[in-house]
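Asker: coords below, sequence missing:
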């Protein structure tokens, strides 16, 4: 039995981001179904207040219980002054000797924490970095905005990673978004009326591309397609975070017939996030402008969840793909007109689109198949 340590990024400290938990839960579930001994390794912010840290740890362990990982979660903090090379991590959920034994006996670290401390990485005999921000990670890394330390294998869900000037020399192995088909069963319901989006909003994501700064927040992307609800007959909702000072954005969305929901109310934990997606008629999804400009055929792990649930996805085009189908179950648009036409076609042939959506997930995004390929490439044989 292979022992695999999975290292997500800031799940415990993001307790009202239900979708963020699911990104990593798909991989953990697949590894367990493949018979691996799976451990969850996560760094918590060093300066978090003790009572907040305790609350976040307790909530995460509760959410890991259905995955059988509540007793196999190693949460830790590094010294707040950055002197981790001189001081050992503080382990919060297991004794230090137990944690160190798990690391020493592991076959592979599957790491989503791009800037993991080199001292922690050195504890593992084999390490694999998984890039779920294709193009962006390479720009952050190559531009010196993010320090990524050496791994043995580098995976990316982007099809066309590697064309970014100044990126580091890493040989990227193509992977795909993963969804657990057993945890996300088919849910056909023609009575569902809402076309939904679950998204971040103003996340400060600016990147330097072709010599100029590009606003790559989801806000910029959705505002480019703000008129779509006026062109369709179904209600369209966006579940997002609109905070203080963003009342104007809310008014703009609502004036264009969007229903704006607070994501922490409708999708703030893993169960409600899943229920929100499975209660949707279809997904409408915009991509960060960087993904569009880079043309790396990025597809969201969230879209994979919609597809697995039998919910057709009408999402923004991010470049030519070698494998993504287009037109039945999954429709990729470049304009508001194309988006509206795609949603109309979903309505006109709803059951066909729903069945095709599930088939796409089964064919391309099965977490057990994605993880099987990862293990073969990272461990060999």
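Answerer: Received, thanks. Keep in mind it's a predicted model, so treat the numbers as computed, not measured. Numbers count the residues shown, from 1 in each chain.
Asker: tell me where the stretch 201-350 of the chain has strands.
Answerer: For the stretch 201-350 of the chain, the strands defined by DSSP state E, counting those that start in this stretch occupy 206-209, 212-215, 236-240, 258-262, 282-285, 313-316, 330-333.
Asker: make JSON lines out of those strands and add mean pLDDT and mean neighbour count.
Answerer: Bear in mind the C-beta positions are built from the backbone N, C-alpha and C, glycine included. As requested, the strands of the stretch 201-350 of the chain are exported to JSON lines (pLDDT from 0 to 100; neighbours: other Cβ atoms under 10 Å):
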{"stretch": "strand 206-209", "mean pLDDT": "79", "mean neighbour count": "16"}
{"stretch": "strand 212-215", "mean pLDDT": "83", "mean neighbour count": "12"}
{"stretch": "strand 236-240", "mean pLDDT": "97", "mean neighbour count": "22"}
{"stretch": "strand 258-262", "mean pLDDT": "97", "mean neighbour count": "17"}
{"stretch": "strand 282-285", "mean pLDDT": "98", "mean neighbour count": "26"}
{"stretch": "strand 313-316", "mean pLDDT": "98", "mean neighbour count": "26"}
{"stretch": "strand 330-333", "mean pLDDT": "98", "mean neighbour count": "23"}
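Asker: a markdown table for the ones you listed, including distance to residue 71?
Answerer: Listed next are these as a markdown table, based on distance: least, Cβ to Cβ, whole Å:
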| stretch | distance to residue 71 |
| --- | --- |
| strand 206-209 | 40 |
| strand 212-215 | 44 |
| strand 236-240 | 32 |
| strand 258-262 | 33 |
| strand 282-285 | 35 |
| strand 313-316 | 36 |
| strand 330-333 | 38 |
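Asker: quick one: which of those strands is nearest residue 377?
Answerer: With Cβ to Cβ as the measure, strand 330-333 is the member of those nearest residue 377 (25.8 Å).
Asker: neighbouring strands of the closest one in the sheet, and parallel or not?
Answerer: strand 313-316 (parallel) (DSSP bridges).
Asker: the partner strand: how far from the chain's middle?
Answerer: For strand 313-316, the separation from the chain centroid amounts to 16 Å (computed by Cα atoms, centre = their mean, to the nearest Å).
Asker: quick one, helices of this protein?
Answerer: 18-33, 50-64, 96-104, 118-121, 136-142, 218-224, 247-255, 263-266, 270-278, 289-294, 301-308, 336-348, 350-364, 367-379 (DSSP state H).
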